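Engineer: One predicted model, sequence on top.
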Amino acid sequence: MSSYSVEVTEKDGKKQVRLSGSIIINHIEKVYDELKSQITPDDEVDLVVENPENIDITFVQLVLSMKKAWKESGKALNITTTLPDDLTTLLAKAGISLDTLNQKA
């Protein structure tokens with residue numbers, strides 16, 4: 001199992017965040033800590049999760065909690081999640097669509 005990657009850059013006052021690798025329970029606490037140290041709901045954020053190697057429900061929980069926090073702050077949070085077919089199917093079996101994760105604000 002490969003690890004995960006969190007990359008945060010800034011352009012024109014907006015934070016660009018890329019998540020990749022295995023965003024699963026084994027890594028989610030570290031992913032959360034890295035995100036928390038680099039972004040807050042007071043930041044304008046573009047979050048891109050493109051073809052991660054693996055995800056699980058902890059990834060979904062992380063994204064949903066971010067959506068809630070940014071909604072409460074009134075700042076923009078744009079989330080684009082692109083998953084391989086097998087992970088899209090896995091989410092669908094759990095009753096979760098990509099529309100649930102993605103957000104344009």
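Structural biologist: Okay, I see it. Residues are numbered from 1 along each chain as shown.
Engineer: Output the longest helix belonging to this protein.
Structural biologist: Among the segments of the chain that qualify as a helix by DSSP state H, the longest is helix 57-73.
Engineer: Please work out which residues outside the very next helix or strand once past it touch it.
Structural biologist: Towards the C-terminus, the helix or strand next in line after helix 57-73, according to DSSP states H and E, is strand 77-82. With C-beta atoms under 8 Å, 6 or more residues apart in numbering as the test, strand 77-82 has contacts from 41, 44-51, 63, 66-67, 70-71, 98, 101-105. No exception for glycine: its C-beta is placed from N, CA and C like everyone else's.
Engineer: Strand 77-82 to helix 57-73, inter-axis angle?
Structural biologist: 160 degrees (axes from the mean of the first three to the mean of the last three C-alpha atoms, to 10 degrees).
Engineer: and strand 77-82, which residues are buried?
Structural biologist: The neighbour-count check on strand 77-82 (16 or more other C-beta atoms under 10 Å) flags 77, 78, 79, 81 as buried.
Engineer: how much space between the third one and residue 66?
Structural biologist: Yep, that's residue 79 we're talking about. Taken as C-beta to C-beta, to the nearest Å, the spacing of residue 79 relative to residue 66 amounts to 8 Å.
Engineer: Also the last one?
Structural biologist: Here the criterion is C-beta to C-beta. By it, residue 81 lies 12 Å from residue 66.
Engineer: Kindly report the same for residue 42.
Structural biologist: Plainly put, residue 42 is 13 Å away from residue 66 if you go by C-beta to C-beta.
Engineer: which of the two has more neighbours?
Structural biologist: Counted by other C-beta atoms under 10 Å, residue 42 and residue 66 do not tie: residue 66 has more neighbours, with 20 against 11.
Engineer: Appreciated, that's everything.
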